[in-house]
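Trainee: 3D, please:
(chains A and B)
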Amino acid sequence: RKEVEQDPGPFNVPEGATVAFNCTYSNSASQSFFWYRQDCRKEPKLLMSVYSSGNEDGRFTAQLNRASQYISLLIRDSKLSDSATYLCVVRGTGRRALTFGSGTRLQVQP
Amino acid sequence: NAGVTQTPKFRVLKTGQSMTLLCAQDMNHEYMYWYRQDPGMGLRLIHYSVGEGTTAKGEVPDGYNVSRLKKQNFLLGLESAAPSQTSVYFCASSTLGGQFGYTFGSGTRLTVV
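Mentor: Below is the predicted model of the structure:
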């Protein structure tokens, strides 16, 4: 079983739609959680950290459910520029590196 | 502020050739990492370093070697390239083992024929 699992998609949504991605992780001792965005043929870039209480950054909302070991990302009012692959990322206790999911591809259509 | 710089950006190797990928960071980060990214596989950790002069194996270290002689540089070597090493290689650096996320370089696209 992969340590971090994501639905690969693609998710095809119209502009203005709300879309949600989920991710599950297997290590219950994981401590830090992130969403990264990766554009085609580019490096991953940090979108936002994910906190236990949930957090919001503009149109983006991230949630963490430790009991069920899943992380979610909600994007409201989707823009064409949101088209990218979204990577779920986890850091386990005592681990010195991050573990990346395979990513969920989002395509926002006009 | 350059952040993390990787060289080269593209390379084509013949099977059995060797090469070194260079990663340089100017953020005074202690931790540096090498990942490879393949379609459907996500990023997989090859080797990492927690400080100058130290290196450690990641998830997929076979066929690669690394060195961290200076804090700002982390080198990834392929001694005898194989087609299975065709991939996109990303270097990253961080403070505190990635507790606050990574900064990535722009990647090296390597093709082994």
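Trainee: Could you say which helix or strand holds the residue nearest to the spatial centre of chain B?
Mentor: Among the residues of chain B, residue B:34 comes closest to the average C-alpha position under CA atoms, centre = their mean, at 2.9 Å. Following DSSP states H and E, one finds residue B:34 within strand B:31-38.
Trainee: Partner strands of whichever helix or strand comes after that strand and their direction?
Mentor: Scanning forward in sequence from strand B:31-38, with DSSP H and E defining helices and strands, the next element found is strand B:42-51. Partner strands for strand B:42-51, per DSSP bridges, with pairing direction: strand B:31-38 (antiparallel), strand B:54-57 (antiparallel).
Trainee: Quick check: phi and psi on residue A:81?
Mentor: The phi and psi torsions at residue A:81 (degrees, to the nearest 10) take the values phi -70, psi -10.
Trainee: got a list of what it touches?
Mentor: residue A:108 (CB atoms under 8 Å, 6 or more residues apart in numbering or on different chains). For the C-beta atoms, the positions are set from N, CA and C on the backbone; glycine is no exception.
Trainee: So which residues on chain B come close to chain A?
Mentor: Within chain B, the positions lying close to chain A (CB under 8 Å from any CB of the partner chain) are B:31, B:33, B:35, B:40-43, B:45, B:48, B:50, B:56, B:58, B:90, B:97-102, B:104-107.
Trainee: of the residues you listed, buried ones?
Mentor: Buried residues within the residues of chain B next to chain A, counting neighbours by 16 or more other CB atoms under 10 Å in any protein chain shown: B:31, B:33, B:35, B:42-43, B:45, B:48, B:58, B:90, B:97-98, B:101-102, B:104-105, B:107.
Trainee: Farthest pair within the residues you listed?
Mentor: B:97 and B:107 (21.8 Å; CB to CB).
Trainee: neighbouring strands for the one helix or strand residue B:111 maps to, and are they parallel or not?
Mentor: Secondary-structure assignment from DSSP H and E places residue B:111 in strand B:108-112. The strands that strand B:108-112 pairs with in its sheet are strand B:10-13 (parallel), strand B:87-94 (antiparallel) (by DSSP bridges).
Trainee: Just say helix, strand or coil for residue A:9.
Mentor: Classification of residue A:9 using DSSP: H, G, I helix; E, B strand; the rest coil returns coil.
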